[in-house]
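K.L.:
sequence below, structure please.
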Amino acid sequence: MVRFNNKVFKISALAVILLLLVWFIREFSLSIVSVDEEGARVEINFIFPMDKETINNSIYISPEIPNSEFDCKVEWKSDHNAVIYIKEKDHIKGQKVNLLIKNAKTRIPGIKKSVNTSIQFQKNPKIVGLNHYENIPTDEAIIIKFNTPMKRANINKYIESDVQFEIMPVEGSNDSQWRLSPKEPLENNKNYIISFRKGMPARSGMFLEEDELITLKTAPRPEVVSILPENNSRWIGIYPNIIVESKDPIERATIKIENERIEGEIHDERWARFSLPNVLDFETTYEIEAEITSIHGEKSDIYKSKFSTIPIEEDRLWVEVILRDKHKVLVYKGKKLIREMPCSGGTDETPTVLGTYYLQDRGPKFFARKISEGANYWVRIHGNYLFHGLPRNEDWVISREAKQKLGYPASHGCIRLREVDAKWFYDNVPQNTMVIIHK
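P.N.:
Residues are numbered from 1 along each chain as shown. Predicted coordinates for the structure are as follows:
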């Protein structure tokens, strides 16, 4: 029994020795790493003579910062001794990388060598940029960009200003960019100085060599200079063009009316037009609250304005065309709805004009040879935009498709109606009747 145990022990010891020997042959080498701001120099002494021609195919660099690029050059002093020079190519330098030589061929058949070593590149930290120097929004973060990843610990004590900031690294920047968010809004059109103190540490172990001062200037507050309809205007239509004008270029404008906030369409950088989602009521006073946002992200004070809409006689006809969801035509007498009709307005490619118009001339039928279509009972809205019956071909037949699309965008810009509705409209809605078309 004792002999058996001794035999097992000897076999086990031999197996361990063999494993250590295999590891030693495969993995052991002497590496000397030296680094300065120019790059890294890694000198490797191999036990066995190496295959110089294939070594480059076995070199892998795993960076701390994803997608980093490096220059890598190998110089041989002898078959056993190689020097690898590595330089960082990206703007952000001073990261830690892992150099792996994997299964490199030796001149001895069947024997391959692997080397694994880490390299900490060096870079004196400097500030290389900000997201803005001027026209800083008063309530947004300032992004400070360094040329190297900075150390997180105690970074607050190296940043001084007359403003209190919450300081956090920018996600995905590997600590080379830092977000300084003011705890209270800054003042408009004012200079601020931020000081970065000497000794501020980078992750590489290098330090900021001298104080750096940055002067920032906040953006001016944008100003609404006018709004249409003008304040306290009277006799305004029930679907007015609301226009807000700014002193400076703007990227956004909104109004609030009847507790609904509406986005404006920006024109020429300094004014915005607003399309109301619905017609307003007659003989009603409305208050508008306008707010603009400058191209620097700064918001204006709220600008308030009032206007009153026109009255309407009880027997006066007027028409509303709604081109959203299901298209429809509504005919009113005073404030009373007297007829509702499905219709088809223009498509995105051939849209119907929007706004307020007054009916013009009319005729019993037309045929447009350019599009090989015609229709009965046309009434002109504006230019070539008409109310009319469903479109007919040269044989004066209405297509099934035109009937099926009623209620949805389908026309070249006109307002299509069922034949019975087109005739009623032609017979009963007179010239100069107000028509409001909106989405």
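K.L.:
what ranges do the helices span in the protein?
P.N.:
2-27, 400-404, 419-428 (DSSP state H).
K.L.:
elements contacting the last one?
P.N.:
Applying 3 or more C-beta pairs under 8 Å, 6 or more residues apart in numbering; DSSP states H and E, one finds that helix 419-428 makes contact with strand 328-333, strand 336-344, strand 373-382, strand 385-389. Glycine gets a C-beta too; all of them are placed from N, C-alpha and C.
K.L.:
now it, how far from the centre of its chain.
P.N.:
Distance of helix 419-428 from the chain centroid (C-alpha atoms, centre = their mean, to the nearest Å) equals 49 Å.
K.L.:
what do you get for the second one?
P.N.:
Between the centre of helix 400-404 and the centre of its host chain there is 41 Å, according to C-alpha atoms, centre = their mean.
K.L.:
quick one: buried residues of that helix?
P.N.:
Going by neighbour count (16 or more other C-beta atoms under 10 Å), the buried part of helix 400-404 is A402.
K.L.:
same thing with stretch 117-124?
P.N.:
117, 119-123.
K.L.:
in strands only, show me those.
P.N.:
The strands, defined by DSSP state E, take in 117, 119-120 from these.
K.L.:
where does pLDDT dip in the stretch 101-250 of the chain?
P.N.:
131-132 (pLDDT under 70).
K.L.:
can you give me the strands in it?
P.N.:
112-120, 127-130, 142-146, 159-161, 165-169, 177-182, 191-196, 212-217, 224-228, 233-236, 242-246, 250-257 (DSSP state E, counting those that start in this stretch).
K.L.:
now those strands in a markdown table, please, with extra columns for distance to Y357.
P.N.:
Converted to a markdown table, those look like this (distance: least, C-beta to C-beta, whole Å):
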| stretch | distance to Y357 |
| --- | --- |
| strand 112-120 | 74 |
| strand 127-130 | 52 |
| strand 142-146 | 51 |
| strand 159-161 | 59 |
| strand 165-169 | 55 |
| strand 177-182 | 51 |
| strand 191-196 | 53 |
| strand 212-217 | 49 |
| strand 224-228 | 19 |
| strand 233-236 | 17 |
| strand 242-246 | 18 |
| strand 250-257 | 23 |
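K.L.:
and those, which is most packed in?
P.N.:
A comparison of these by mean neighbour count, using mean count of other C-beta atoms under 10 Å, puts strand 242-246 on top with a mean of 22.
K.L.:
contacting residues around that strand?
P.N.:
Outside strand 242-246, the residues that touch it by C-beta atoms under 8 Å, 6 or more residues apart in numbering are 222-229, 253, 255, 257, 264, 270-274, 276, 288, 290, 292, 294, 300, 303.
K.L.:
what of stretch 348-363?
P.N.:
237, 239, 241, 275, 319, 321, 323, 345-346, 377-383, 385, 409, 411-415, 426, 429-439.
K.L.:
and the two most separated of the buried residues of stretch 117-124?
P.N.:
With C-beta to C-beta as the measure, no two of these lie farther apart than T117 and K123, at 19.6 Å.
K.L.:
now do P182 against P240, distance only.
P.N.:
40 Å (C-beta to C-beta, to the nearest Å).
K.L.:
now swap in V397 and tell me
P.N.:
Relative to P240, V397 is positioned 43 Å away (C-beta to C-beta).
K.L.:
so for the two, which sits in the more crowded spot?
P.N.:
The neighbour comparison of V397 against P240 (other C-beta atoms under 10 Å) goes to P240, with 19 against 8.
K.L.:
how about the more buried one, nearest residue that isn't a chain neighbour?
P.N.:
P229 (5.8 Å; C-beta to C-beta, 6 or more residues apart in numbering).
K.L.:
picking up where we left off before, make CSV from the buried residues of stretch 117-124 and add distance to V33 to it.
P.N.:
As requested, those are exported to CSV (distance: C-beta to C-beta, whole Å):
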residue, distance to V33
T117, 6
I119, 6
Q120, 9
F121, 11
Q122, 12
K123, 16
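K.L.:
which one of these sits closest to N67?
P.N.:
Once C-beta to C-beta is applied, the member of these that ends up nearest N67 is F121, at 16.1 Å.
K.L.:
if I pick that closest one, what's in contact with it?
P.N.:
By C-beta under 8 Å, 6+ apart, the neighbours of F121 are 35, 39-40, 88, 93-97, 204.
K.L.:
which two in those are spaced the farthest apart?
P.N.:
G39 and K96, at 14.0 Å, using C-beta to C-beta across these.
K.L.:
quick one: which of the two has more around it?
P.N.:
Of the pair G39 and K96, G39 is the one with more neighbours under other C-beta under 10 Å, namely 19 against 15.
K.L.:
got a list of what P182 touches?
P.N.:
138-139, 141-142, 163-165.
K.L.:
which of those residues are buried?
P.N.:
138, 141-142, 163, 165.
K.L.:
mind listing the residues bridging to the residue lying closest to I257 once chain neighbours are set aside?
P.N.:
Among residues not flanking I257 along the chain, I288 sits closest, at 5.3 Å (C-beta to C-beta, 6+ apart). Taking DSSP bridges as the rule, I288 bridges to S305.
K.L.:
unless I'm mixing things up, I288 is touching S305, no?
P.N.:
Yes: contact criterion C-beta atoms under 8 Å: I288 and S305 qualify, at 4.9 Å.
K.L.:
need the residues touching each of those two.
P.N.:
In contact with both I288 and S305: I227, using C-beta under 8 Å, 6+ apart.
K.L.:
which strand residues bridge Y385?
P.N.:
With DSSP bridges as the rule, Y385 is bridged to H382.
K.L.:
no wait, T215
P.N.:
I193.
K.L.:
before we move on, the earlier item: quick one: buried ones out of the contacts of F121?
P.N.:
For the contacts of F121, a burial check counting by 16+ other C-beta under 10 Å picks out 35, 39-40, 88, 93-95, 97, 204.
K.L.:
closest one of these to S173?
P.N.:
Q95 (11.9 Å).
K.L.:
list the contacts of the nearest residue to that closest one once chain neighbours are set aside.
P.N.:
Closest residue in space to Q95, ignoring its immediate chain neighbours: E64 at 4.3 Å, by C-beta to C-beta, 6+ apart. Applying C-beta under 8 Å, 6+ apart to E64 gives the contacts 95-97, 149, 174.
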